[in-house]
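In: take a look and give me a structure for this.
(one chain, ligands or ions: 1)
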Amino acid sequence: MSTPLVVLDDLSAKYGMHVVLQAVSLRIERGEHVALVGKSGVGKSTLLKLAFSALTRSVTAGADPMPSIAFLPQELGLVTQLPVFHNVYMARLARYGRLQNLRNFVWPQAARAAEMESILGQLDMPSSLRTAVASLSGGQKQRVAVARALYQEAEVLLADEPCSALDGPQADNVLQLLTSSFTASIVALHDVDLALKHATRVIGLRDGRLALDEPSATLRAADLGFLYE
Ligand SMILES: Nc1ncnc2c1ncn2[C@@H]1O[C@H](COP(=O)(O)OP(=O)(O)OP(=O)(O)O)[C@@H](O)[C@H]1O
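Out: Modelled structure (predicted):
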């Protein structure tokens, strides 16, 4: 049997006396795109943050082999005073040397800009690299954050509601791009239909635990109803 690409063990969280997650464990194989569903406040963001922290801690500790991780948080994490170029470029700060990073921040290099324009074009956001993120709409900001995640070229994506501000066709496009660009992913989604359409596997949180873990092909929207009761 192949080694899972993502291994998460015993993720637990509580805020004060409020237990949010109770020893959640998860293994994800290459090629698996996991939709994380459950009602608002159930702990999806908490799980993704814990997963990111656990997986990046393993990388830092030199555990072998660990996948590279792109994290797209619900709050996007953009620096809105900076242009689109600089926000997307941040995904590769760790890849390039200090001098190259400095040069790109002062004078964006044509090759980097061309790579980003290709990604932004696929997201229906052409020719906007010099635009300050603060002047973009909510949906455009969300697509800049998606572009940043794609630009990282990581193996695994952890994304929290990456298309909540997008219309139906744009949401489809973003999820299609994300699932085809990463080897594996965990994406929190409120929209059950999008989850079933784009994920290969659906996991559902309820009462701090994984209450559902099934291939999406075996599920209908009604099968997820109990998670929202
Ligand atoms: N910093 C915090 N301090 C206290 N409680 C928190 C904090 N962050 C989250 N919570 C609580 O933890 C629970 C889980 O929150 P979380 O954001 O993980 O849920 P979620 O499933 O992602 O919600 P949504 O779908 O609305 O984004 C909620 O009850 C929330 O109020």
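
In: residue closest to the middle of the protein?
Out: Centroid-nearest residue in the chain: residue 159, 2.0 Å away (criterion: Cα atoms, centre = their mean).

In: the strand or helix carrying that one packs against which elements?
Out: Using DSSP states H and E, residue 159 sits in strand 156-160. Counting contacts by 3 or more Cβ pairs under 8 Å, 6 or more residues apart in numbering; DSSP states H and E, strand 156-160 is packed against helix 44-60, strand 69-72, helix 168-181, strand 184-188. For every residue, glycine as well, the C-beta is placed using N, CA and C.

In: what about the worst-scoring helix or strand of the chain on mean pLDDT, distance to the chain center?
Out: Lowest mean confidence among the helices and strands of the chain (mean pLDDT, DSSP states H and E): helix 44-60, at a mean of 87. With Cα atoms, centre = their mean, to the nearest Å as the basis, helix 44-60 stands 12 Å off its chain's centre.

In: what's the answer for stretch 29-38, then?
Out: With Cα atoms, centre = their mean, you get 11 Å for stretch 29-38.

In: for the residue nearest to the centre of the chain, list the residues it contacts.
Out: Contacts for residue 159 (Cβ atoms under 8 Å, 6 or more residues apart in numbering) come out as 48, 70, 71, 72, 149, 178, 185, 186, 187, 188.

In: tell me the one of those nearest the ligand?
Out: residue 188 (6.3 Å; Cβ to the nearest ligand atom).

In: so in terms of bridging, what pairs with the closest one?
Out: residue 36, residue 160 (DSSP bridges).

In: quick check, residue 190 in contact with residue 42.
Out: No: between residue 190 and residue 42 there is no contact under Cβ atoms under 8 Å: 11.0 Å.

In: just name the most buried of the helices and strands packed on strand 156-160.
Out: strand 184-188 (a mean of 26; mean count of other Cβ atoms under 10 Å).

In: right, and the helix or strand after that strand?
Out: helix 192-198.

In: hmm, who's touching that next one?
Out: Helix 192-198 is touched from outside by 33, 35, 37, 163, 171-172, 175-176, 179, 187, 189, 202, 216, 219-221, 224, with contacts defined as Cβ under 8 Å, 6+ apart.

In: give me the low-pLDDT residue ranges for the chain?
Out: For the chain, the stretches with pLDDT under 70 are 1, 58-65, 127.

In: can you rerun that using 50?
Out: Residues of the chain meeting the criterion pLDDT under 50: 62.

In: and stretch 11-27, C-alpha only, in PDB?
Out: The C-alpha trace of stretch 11-27 is given here as PDB (Å, rounded to 0.1, in the frame of the first residue of the first chain):
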ATOM      1  CA  LEU A  11      -6.200  17.000  16.100                       C
ATOM      2  CA  SER A  12      -8.100  18.400  19.100                       C
ATOM      3  CA  ALA A  13      -9.100  22.000  19.900                       C
ATOM      4  CA  LYS A  14     -11.100  23.800  22.500                       C
ATOM      5  CA  TYR A  15     -11.700  27.500  23.300                       C
ATOM      6  CA  GLY A  16     -12.100  27.800  27.000                       C
ATOM      7  CA  MET A  17     -14.600  25.100  28.000                       C
ATOM      8  CA  HIS A  18     -15.900  24.800  24.400                       C
ATOM      9  CA  VAL A  19     -14.600  21.600  22.800                       C
ATOM     10  CA  VAL A  20     -14.500  22.100  19.100                       C
ATOM     11  CA  LEU A  21     -12.500  19.100  17.800                       C
ATOM     12  CA  GLN A  22     -12.000  15.800  19.500                       C
ATOM     13  CA  ALA A  23      -9.000  13.800  18.300                       C
ATOM     14  CA  VAL A  24      -9.700  14.000  14.600                       C
ATOM     15  CA  SER A  25      -7.400  11.900  12.500                       C
ATOM     16  CA  LEU A  26      -7.200  11.900   8.700                       C
ATOM     17  CA  ARG A  27      -5.200  10.300   5.900                       C
END
